[in-house]
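Chemist: sequence and predicted structure below; questions after.
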Amino acid sequence: MKIVCYGVRPIEEPYFRKLNKHHYDLKLVNAYLDHDNVTEAEGCDAVLVRANCACDEQNLKKFKSYGINWVFTRTVGFNHYDLKAAKELDIKIARVPNYSPYAVANLAFTLGAALTRYVVAAVDAVHQGNFTVSPYYFSTEFNRLTVGIYGAGKLGAIEGKMWKSIGAKVLAYDPYPSDFARQYVKFVSEDDLLQSSDIVSVHVPYFPGKNDNLINSDFLKKMKETAFLINTARGQLADTNAVAKAIEDNEIAGYGADVVIDETRINGHKFNSLAEVPNSSVQSLMKLYPKVLITPHMGSFTEPALEDMISISYDNFHEMQETGDVKNKVEYKG
Ligand SMILES: NC(=O)C1=CN([C@@H]2O[C@H](COP(=O)(O)OP(=O)(O)OC[C@H]3O[C@@H](n4cnc5c(N)ncnc54)[C@H](O)[C@@H]3O)[C@@H](O)[C@H]2O)C=CC1
Ligand SMILES: O=C(O)C(=O)[C@H](O)COP(=O)(O)O
């Protein structure tokens with residue numbers, strides 16, 4: 001079976017080859033799937049994508065015209081698909097719901113830890129020759145923090161575990177609390193979490209058209225003025241302008257994000273200045289550095305996570321070939 005894999009970074013190529021235990025014929029494409037390079041799939045039997053690949057109706061129709069029925073993703077999130085179009089075209093989708101959760105949990109933890117100890121602000125000042133200890137750096141200590149995990153699924157639970165292990169009080173809000181997460185967090189109401197937490201870390205899946213701007217001005221107003229918000233989930237979950245305004249108005253202390261809106265136009269690009277970033281709301285957030293720390297969607301960029309993403313994707317294809325179905329399938333729910 002020939003699989004075209006989009007968005008494969010050069011550093012990832014050896015892993016795609018080394019882990020190819022089902023001996024697939026691989027076509028590795030460096031670029032994210034877009035409307036121009038969809039033609040790379042011609043002559044292939046299946047497609048593997050990553051986040052921010054354009055699995056919209058136009059591209060899914062193209063795949064179908066090439067005789068491709070399996071368009072899988074190596075990611076947890078699947079908001080890059082037009083699920084309705086896939087259903088209408090009878091294109092099957094599978095994802096990787098369970099790669100190493102420590103990858104993203106580590107990054108969310110690090111953003112929270114860096115913000116609460118003002119590490120980036122201090123390092124930045126020192127590198128400009130300013131060795132004074134600004135009153136702004138005066139901190140509390142991690143074991144005195146209350147950390148609120150908003151969405152305590154696989155990633156949230158592990159971030160909770162990390163904070164608990166160093167003595168922080170860990171709260172969580174989730175409409176479907178799990179016993180696994182309960183080992184590390186205390187489940188509370190949404191309001192209690194937002195009102196009590198020094199760090200609020202969001203790990204909620206993004207469902208386009210359903211929970212856009214979940215983090216809005218009402219959400220932010222409930223947080224403590226001294227609290228930091230962390231979002232490693234999806235940029236679309238946050239009203240970017242509302243977050244920037246809340247920081248400017250001192251309603252919250254700062255924001256750490258691995259994700260932004262408009263990632264398909266931003267991520268993977270190297271801009272020469274902030275002014276070139278093609279979204280003015282993202283620019284507004286970036287101007288608030290170092291109260292705002294943004295990383296380029298690299299939560300899953302660890303060796304264990306990458307190995308899981310590739311191996312489980314290959315197993316998804318294998319299961320589909322062997323049984324005609326796959327347990328990690330994603331279906332349109334209306
Ligand atoms: N930055 C990165 O590199 C990565 C980001 N992600 C993002 O993280 C998200 C979460 O991943 P997992 O923890 O594996 O998913 P998961 O499905 O295990 O957990 C999500 C949890 O959120 C809860 N939830 C849903 N709506 C909620 C709401 N309105 N309020 C509170 N809780 C709510 C669910 O009940 C569930 O327990 C993914 O959907 C993806 O968007 C995932 C992997 C890498
Ligand atoms: O698995 C997900 O969902 C993610 O968001 C991962 O970080 C993968 O995202 P990309 O690295 O493919 O942008």
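Modeler: Received, thanks. Ligands and ions are numbered 1, 2, ... in the order given.

Chemist: what count of nearby residues applies to residue 318?
Modeler: Neighbourhood size, residue 318 [other C-beta atoms under 10 Å]: 15. Heads up, the C-betas are built off the backbone N, CA and C, glycines and all.

Chemist: what helix or strand is it located in?
Modeler: Secondary structure from DSSP states H and E places residue 318 in helix 303-323.

Chemist: residue 44 now?
Modeler: Under the assignment here (DSSP H and E), residue 44 is part of no helix and no strand.

Chemist: what sits against it?
Modeler: Neighbour list for residue 44: 2-4, 27, 66, 68 [criterion: C-beta atoms under 8 Å, 6 or more residues apart in numbering].

Chemist: swap the cut-off to 7 Å and go again
Modeler: Neighbour list for residue 44: 2-4, 27, 68 [criterion: C-beta atoms under 7 Å, 6 or more residues apart in numbering].

Chemist: do residue 25 as well
Modeler: 1-2 are the contacts of residue 25 under C-beta under 7 Å, 6+ apart.

Chemist: kindly recompute the last result at 10 Å.
Modeler: Residues near residue 25 by C-beta atoms under 10 Å, 6 or more residues apart in numbering: 1-4, 44-45.

Chemist: ranking by neighbours, what's the top pick from these?
Modeler: Compared across the contacts of residue 25, residue 4 has the highest neighbour count, 27 neighbours, by other C-beta under 10 Å.

Chemist: number of nearby residues for residue 296?
Modeler: Counted with other C-beta under 10 Å, residues neighbouring residue 296 total 13.

Chemist: roughly how far does it sit from ligand 2?
Modeler: The spacing between residue 296 and ligand 2, counted by C-beta to the nearest ligand atom, to the nearest Å, is 9 Å.

Chemist: can you add distance to residue 259, pLDDT and secondary structure and give the contacts of residue 44 back as a markdown table?
Modeler: As requested, the contacts of residue 44 are exported to a markdown table (distance: C-beta to C-beta, whole Å; pLDDT from 0 to 100; DSSP: H, G, I helix; E, B strand; the rest coil):
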| residue | distance to residue 259 | pLDDT | secondary structure |
| --- | --- | --- | --- |
| 2 | 32 | 98 | strand |
| 3 | 27 | 98 | strand |
| 4 | 26 | 98 | strand |
| 27 | 28 | 98 | strand |
| 68 | 29 | 98 | coil |
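
Chemist: make sure residue 71 is indeed in a strand.
Modeler: Yes: the assignment for residue 71 is a strand, going by DSSP: H, G, I helix; E, B strand; the rest coil.

Chemist: distance of it from residue 4?
Modeler: 10 Å (C-beta to C-beta, to the nearest Å).

Chemist: shared neighbours of those two, anything?
Modeler: Between them, residue 71 and residue 4 share these contacting residues under C-beta under 10 Å, 6+ apart: 33, 41, 46-49, 63.

Chemist: interface residues of the protein facing ligand 1?
Modeler: Neighbours of ligand 1 within the chain, by C-beta under 6 Å from any ligand atom: 76-77, 104, 150-156, 173-176, 203-206, 232-234, 258-259, 297, 299-300.
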